[in-house]
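Participant: how would this look folded up:
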Amino acid sequence: MPCLWLQHNSSQLFVNVGILDATKINLAAMPVFGGGTAVPQMFVALVDTGAQATMISSNVVANLNLQPQGKIAIQGVGPNITYHNGYLFHVAFTIPLTPIPQGLPPGSQVQVQLAVFILPKAIYGAELTTASGFDVLLGMDVLSSGSLKIEGSGHYSFSF
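Facilitator: Predicted coordinates:
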């Protein structure tokens, strides 16, 4: 079971995720992970255990040229329901296979071999019309595929 080990700021959890257009890829023809799987375009995701569904920003939609697959009703904290474009996509996680050198000067570039893990379940997620500091809202539809552990030491892990 792959596991990501990350840090949090005692307020928010962020993780880099890959987003792939589920209407254009054939997961059955791809390796399960690593070897030959190209690293998908990566985006910053806010981990939100209070969100039922994963959502993507307009930036993700534009960068991947995603096409809407319908409308999704969204209800936030209040009673109002709004309708947003819905997209079909896969979420991927990357894990370094080689250690990342410590103490590199800012701006340093290092090549690191990555394993790519694509969750097999396609996500039908709505478009976020406003997002600040992140492009993906990672909801329980993705998080429930694994195990999330948050520690008071400033660390968290996600196994899937």
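Participant: For the chain, which segments count as strands?
Facilitator: For the chain, the strands defined by DSSP state E occupy 3-7, 14-21, 42-47, 55-57, 71-75, 81-96, 114-118, 123-128, 136-138, 147-150, 155-159.
Participant: residues of the third one that come out buried?
Facilitator: Pointing back at strand 42-47 there. Going by neighbour count (16 or more other C-beta atoms under 10 Å), the buried part of strand 42-47 is 42, 43, 45, 46, 47. Just so you know, the C-beta spots here come from the backbone N, C-alpha and C atoms, and that holds for glycine as well.
Participant: Quick check, pLDDT for the spatially most central residue of the chain.
Facilitator: With distances taken as C-alpha atoms, centre = their mean, residue 17 lies nearest the centre of the chain, 3.4 Å away. Residue 17 is assigned 97 on the pLDDT scale.
Participant: Which residue, neighbours along the chain excluded, lies closest to it?
Facilitator: Closest residue to residue 17 apart from its sequence neighbours, by C-beta to C-beta, 6 or more residues apart in numbering: residue 45 at 4.6 Å.
Participant: Pull out the buried residues from the top helix by length along the chain.
Facilitator: Using DSSP state H to define each element, the chain has its longest helix at helix 58-64. For helix 58-64, the neighbour count (16+ other C-beta under 10 Å) marks 60, 61, 64 as buried.
Participant: Return the member of the residues you listed nearest to residue 82.
Facilitator: residue 61 (16.5 Å; C-beta to C-beta).
Participant: is it true that that closest one touches residue 126?
Facilitator: No. The criterion here is C-beta atoms under 8 Å, and residue 61 misses it with residue 126 at 10.6 Å.
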